[in-house]
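Trainee: Dropping a prediction and its sequence here:
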Amino acid sequence: MPYYFTLGKIPHKRHTQFRKPDGGLYSEQLVSTEGFSDTYSITYHVHAPTLVKSLDEPYSVAPKIAVANNTQNRSLQGFSVKPADDYLQSRVQVLVNNDVYLSLAAPRKSMTGYFYRNASADELIFIHEGKGVLHTMYGEIPFVYGDHVVIPRGVTYQLEFETENNRLFIVESFTPFRFPKRYVNNFGQLLENSPLCERDIRVPGNLVTHDEKGDFKVLIKKNDMIFPYHFATHPFDVAGWDGCHYPWAFSIHDFEPITGRVHQPPPVHQTLEANNFVMCAFVPRLYDYHPDAIPAPYNHSNVDSDEVLYYVDGEFMSRKHVDRGQITLHPIGLVHGPHPGAVEKSIGLKETRELAVMVDTFKPLKITKQALEIEEKDYYKSWVE
Ligand SMILES: [Fe+2]
């Protein structure tokens, strides 16, 4: 996030004395990226953030790969993933490569007994069903249906759910998320032609300083392992902070679609990008208005990207059967297109209510064993009548 923001109390100058009401010093932490050479934030803690009490045995959460070389069009029934009480245990990795892991999750309960920090990847949690609050040392971000909650790597968090029926689509990116360069000016501002603008970005609020001592478990994910740490003080004991590195959110419902006289290419739907993949949002919009326009997409060959669509809501004009939470994967090396009849059916339609999130990766995705368990096996033949 390139935007400067501040919350709570901070001293006028960096790296100077900043005292608590009892006269003691706040403990300053610099949270920096690319060494000390890119975006950063400075946080002021009641206690030193370094007080490790003990470590438990680490354990593996590496994806179990079933198909390392995939050249098949596939479909997964995302809502067939079984709910689980615990958030981390509920996360099911389905499609992975060296740039990004895609997971589904249906956690029933809030995180109460531990905190979680992903040290290897930025996490984007798309809220398909559910409502709650993201808690971090930077403050809170409430979330609802349609939100993209972006949590940069290294940010310790807890999810509190108000609901039991929660459905999440989680994108772990091993490089930072950023807005497409063509929408950002040299000063870092989103341009007027960007489908998202700064007003759509939600930053942390309601900073609560937890001045608590005890035993606080933080599960740190690094290199496909979970390292259980116990700290002597509450991770959210920040009195104030400022900078450009913090969690944030935006809603798919705030994305302003770009439409045209004829079919617009997928990049108009783009929301974010990272190294070797992009993300898009397909939202309700008016269809193309050329008198002879064909609203259905053309057949297309993604010569150098695996295309993943996560279907959220609404009717999908180009596909025969689509369920909420369904994922389709159309990989490098194959042509895909509308299902039979979809092109004729689309002619004359004025608008679509479809809602979907897309992830296009520039390197092939691997299929996990858990993905095969929820696969619609005959999908690859579904274009033949
Ligand atoms: Fe496609």
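Mentor: Sure thing, it's come through.
Trainee: drop to CA atoms for contacts and neighbour counts, all remaining ones
Mentor: OK.
Trainee: pLDDT score assigned to the residue positioned nearest the centre of the chain?
Mentor: Nearest to the mean C-alpha position of the chain, by CA atoms, centre = their mean, lies Leu124 at 1.6 Å. Note on Leu124: pLDDT of 98.
Trainee: swap in Pro2?
Mentor: Listed pLDDT for Pro2 reads 69.
Trainee: quick revisit: with adjacent residues omitted, what lies nearest to the residue nearest to the centre of the chain?
Mentor: Val150 (4.4 Å; CA to CA, 6 or more residues apart in numbering).
Trainee: And the one you found, how close does it get to Tyr157?
Mentor: 11 Å (CA to CA, to the nearest Å).
Trainee: Which one's more surrounded, the two?
Mentor: Set side by side, Val150 and Tyr157 show more neighbours around Tyr157, with 25 against 22, by other CA atoms under 10 Å.
Trainee: That one touches Leu134, doesn't it?
Mentor: Yes: assessed by CA atoms under 8 Å, Tyr157 is found in contact with Leu134 at 6.9 Å.
Trainee: element containing Leu7?
Mentor: Per DSSP states H and E: Leu7 is located in strand 5-8.
Trainee: which is the next helix or strand following that strand?
Mentor: Moving toward the C-terminus from strand 5-8, the next helix or strand (DSSP H and E) is strand 27-32.
Trainee: Quick one: distance of that following strand to the chain centre.
Mentor: 25 Å (CA atoms, centre = their mean, to the nearest Å).
Trainee: Mean confidence (pLDDT) on it, please.
Mentor: Strand 27-32 carries an average pLDDT of 97.
Trainee: which SS state does the closest residue to Trp383 other than its chain neighbours fall under?
Mentor: Leaving out its chain neighbours, the residue that sits closest to Trp383 by CA to CA, 6+ apart is His339, at 5.4 Å. Of the three states, His339 takes coil under DSSP: H, G, I helix; E, B strand; the rest coil.
Trainee: do the same with the one 5 residues further on
Mentor: Following three-state DSSP, we place Glu344 in the helix state.
Trainee: tell me the pLDDT at it?
Mentor: Listed pLDDT for Glu344 reads 93.
Trainee: Could I get the contacting residues of it?
Mentor: Applying CA atoms under 8 Å, 6 or more residues apart in numbering to Glu344 gives no contacts.
Trainee: Where does the nearest residue to Ile201 once chain neighbours are set aside fall, secondary structure wise?
Mentor: Among residues not flanking Ile201 along the chain, Phe250 sits closest, at 5.1 Å (CA to CA, 6+ apart). Assigned by DSSP H and E, Phe250 belongs to strand 248-251.
Trainee: re the thing from before, for the residue nearest to Ile201, give me its contacts.
Mentor: Contact analysis of Phe250 by CA under 8 Å, 6+ apart lists Asp147, His148, Val149, Asp200, Ile201, Arg202.
Trainee: Using ChimeraX, define a selection of the buried residues within those residues.
Mentor: Only the buried members of the contacts of Phe250 enter the following ChimeraX selection, criterion being 16 or more other CA atoms under 10 Å:
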select :147,148,149,202
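Trainee: Next, count neighbours for Val133.
Mentor: 16.
Trainee: So what sits opposite it in the bridge?
Mentor: The partner list for Val133 in beta bridges (DSSP bridges) reads Pro142, Glu160.
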